[in-house]
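Novice: Here is the input, now give the coordinates:
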Amino acid sequence: MNTLNQTEQIMKTTALERLQKHMPEDIAERCNLIYEKNRQCFHFSGLFGDILIQYPSFKISPTPDFWYEIVLLHYLDFCDGSAGGEQYLPLAVFKDGTVRGSDFDRKCNRMIADFCRGVEEKTVKEACFALGGKETEGKGDLNVIFPVLPKYRLLLRIWFEDDELPPSGVLLFREGADHYLSMEDSVVIGEWLMTSLRDKIKMMTN
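Specialist: Model prediction:
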């Protein structure tokens, strides 16, 4: 096992140990999950369709990308049950977001501009949909909501290039996001989503 895998295993083990202190009914209520006591499992509809989480092992099906799995496990522990709002905001405006959130917002804006440059709108849409995004109305040329977790959603807003302006965009976080994940987890899931979208577009255009 290499160093990276060892680090990942430590992260996963720590997350699983923290979850042992929570009762399943408490997790379900706080995190807006359905808990089937007779089957000992949670389930919800997320980025990859219907997701099932066994209890008490917290094994997730279908098997997710490592970073999505870690953020999901952290959500089960961290989410405080607050009701979220309907506004979508830059990460910088959230609690503890002044530094890390601002850096992420700038990095994300650059990534969106880069992977949209010279790419047809149809291709970007298809890439978003392939990652579980759902198109919605909004100010941009393309507005896509990603239902990352039951209470935690991201909004990708893109303005495509024209004769006068280059492409641009923002990734916004649902109001209340800081009640469901830490700032570090929000940065991780945001970067993971943007990287996944970039790689999907690259694969579709090659």
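Novice: where along the protein do the helices fall?
Specialist: 3-19, 24-31, 66-78, 100-116, 121-130, 183-205 (DSSP state H).
Novice: Off-centre distance for stretch 142-160?
Specialist: 9 Å (C-alpha atoms, centre = their mean, to the nearest Å).
Novice: Just the terminal-to-terminal distance for that stretch.
Specialist: End-to-end span of stretch 142-160 (C-alpha to C-alpha, to the nearest Å): 8 Å.
Novice: Give the rounded mean pLDDT of that stretch.
Specialist: Across stretch 142-160, pLDDT averages out at 96.
Novice: Using neighbour counts, pick out the buried residues of it.
Specialist: Within stretch 142-160, the residues that count as buried by 16 or more other C-beta atoms under 10 Å are 142-160. For glycine as for every other residue, the C-beta is placed from the backbone atoms N, C-alpha and C.
Novice: cool, stretch 58-72 as well?
Specialist: In stretch 58-72, counting by 16+ other C-beta under 10 Å, buried: F58, I60, P64, W67, Y68, E69, I70, V71, L72.
Novice: Export the residues you listed to a markdown table and append columns for distance to L165 and pLDDT.
Specialist: Formatted as a markdown table, the buried residues of stretch 58-72 follow (distance: C-beta to C-beta, whole Å; pLDDT from 0 to 100):
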| residue | distance to L165 | pLDDT |
| --- | --- | --- |
| F58 | 46 | 97 |
| I60 | 42 | 95 |
| P64 | 37 | 86 |
| W67 | 33 | 91 |
| Y68 | 33 | 91 |
| E69 | 38 | 93 |
| I70 | 37 | 95 |
| V71 | 34 | 95 |
| L72 | 37 | 96 |
